[in-house]
Structures are given as C-alpha cells and as structure tokens.
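> here's my sequence, what's the structure:
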Amino acid sequence: METGKRSLVKALIWNAIGLVSMALVGFLATGSASLGGAMALINSALGFGSYLIYERVWTRISWGRHSAVARPVAGPGGARANV
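Have a look, this model is predicted:
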C-alpha cells in the first residue's frame, strides 16, 4: 500500500511539471508572462488537489493488485513450493 507521504511527493513533482508547461502555454496564448503565470498557478492548485485526492482514493481500491500472499509455484520435478 502506498503511504500518504509518497502520494504527496508524487503529486508535488507532477504539479511542478504541470506548472512549468502550463505557464509556457499560458504565455504563448496570451503574450503576457503575468497572466500566463496566474493561469498556471490556478491550474496547478486545482490539479494538485484533484491528483492528491485521486491517488488516495485509488490506494483504497484493491482491484487489479496482486496479493502479497505467497502463491504456490511448481518447483523442480513438478513439486509445489511456496514463494
């Protein structure tokens, strides 16, 4: 299971990448660094909150995960062994 701290760090890094790209897009679209930057900050704040909530919800969903319980596998000569 993923810790809250790991989710937070992942969200911060992803948000920084989004902030830079959105600031560039905002600047190119408006021709204004301050308006593009403001757009990027608003978008980043909304994206950060959404992503963090999304990650925490998915940590509670077990669908698609492999169980941590040892599964028997065939060993040499077809004998079963727990791995």
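> which of the helices or strands spans residue 53?
helix 33-59 (DSSP states H and E).
> swap in residue 20?
Element membership for residue 20 (DSSP H and E) is helix 4-30.
> what's near enough to touch residue 47?
By Cβ atoms under 8 Å, 6 or more residues apart in numbering, the residues touching residue 47 are 15, 18. No exception for glycine: its C-beta is placed from N, CA and C like everyone else's.
> shaky segments in this protein?
1, 68-83 (pLDDT under 70).
> swap the cut-off to 90 and go again
Within the chain, the set of residues satisfying pLDDT under 90 comprises 1-12, 14-15, 18, 43-44, 47-49, 51-52, 54-56, 58-59, 62-83.
> residue 54: how many residues sit nearby?
Residues contacting residue 54 under the criterion other Cβ atoms under 10 Å number 11.
> how much space separates it from residue 26?
Distance, residue 54 to residue 26, by Cβ to Cβ, to the nearest Å: 23 Å.
> for residue 18, same thing?
12 Å.
> the two - which one has more neighbours?
Neighbour count, other Cβ under 10 Å: between residue 18 and residue 26, residue 26 has more, with 22 against 16.
> related to what we said a few turns ago, now the helix holding residue 53: buried residues?
Judged by neighbour count (16 or more other Cβ atoms under 10 Å), helix 33-59 contains these buried residues: 36, 37, 39, 40, 43, 44, 47, 48, 51, 52, 55.
> and which of the residues you listed is nearest to residue 22?
residue 40 (4.0 Å; Cβ to Cβ).
> which ones are touching that closest one?
19, 20, 22, 23, 25, 26.
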